[in-house]
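*Asks:* Build the 3D model from these lines:
(one chain, ligands or ions: 1)
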Amino acid sequence: MKNEKYEILYRQIASLVEDESDEIANMANCAAMIHETFGFWWTGFYIVKGEQLVLGPFQGPVACTRIPFGKGVCGTSWKRRESVVVPDVELFPGHIACSSLSRSEIVVPLFAGDEVKAVLDIDSKELATFDETDRLWLEKIVSLL
Ligand code: SME
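*Replies:* Below is the predicted model of the structure:
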C-alpha cells in the first residue's frame with residue numbers, strides 16, 4: 001500500500017521537476033505532492049545557509065525559521081549526513097518542537113555533490129509513522145531535486 005503510493009508519487013515528482021530547473025519551485029511542488037498524498041502534519045525543506053538551516057518551501061502550520069548545525073532532528077541529519085527516523089519525538093534528545101502536536105518525524109538530507117544543501121523534514125501527528133520504506137523512497141525522491 002505505502003510502496004504503491006510512493007511509486008506513483010515518485011513518478012509524479014520526477015515528471016514535475018523534469019522541465020523545471022529552479023530548486024525552490026521544485027522543492028515547493030515536491031513538498032506539496034508528498035503532503036497531499038499522505039496527509040502528513042508538516043512537510044517541508046530547510047536549506048543550508050552558512051552554519052544554519054533556514055526554513056524553505058513547506059506545507060503545514062507555521063514553523064521555526066532557523067536551526068543550528070547539529071541541533072534538533074534536522075540539524076542532526078545535516079551533521080550525520082544521513083536520514084534520521086524518529087518514532088517518538090519525546091524520546092529524541094534535543095528535538096525542536098515547532099508544533100506540540102507532532103509525535104514522529106523523518107528527516108532526509110539532499111546532497112549537492114558531497115555537501116548537504118538542504119533537508120526534507122516530515123512530521124506526523126501519530127507515533128511511529130515512518131519506517132525504512134519511507135526512508136528509502138524519500139531518499140529516492142529527494143535525489144530528483
Ligand atoms: N522538529 C524539527 C524542527 C522542525 S519542525 O518539526 C517543522 C527538529 O527537531 O529539527
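*Asks:* For the rest of this, base every contact and every neighbour count on C-alpha atoms.
*Replies:* OK.
*Asks:* Quick one: neighbours of the nearest residue to S83 once chain neighbours are set aside, just the number.
*Replies:* Closest residue in space to S83, ignoring its immediate chain neighbours: V108 at 4.3 Å, by CA to CA, 6 or more residues apart in numbering. Residues lying near V108 (other CA atoms under 10 Å) number 28.
*Asks:* ditto for the one 3 residues further on
*Replies:* A count of nearby residues for F111, using other CA under 10 Å, gives 16.
*Asks:* same thing with V48?
*Replies:* 23.
*Asks:* Now the nearest residue to T65 once chain neighbours are set aside. Its backbone dihedrals?
*Replies:* Closest residue to T65 apart from its sequence neighbours, by CA to CA, 6+ apart: L55 at 4.8 Å. For L55, the backbone dihedrals (degrees, to the nearest 10) come out as phi -50, psi 130.
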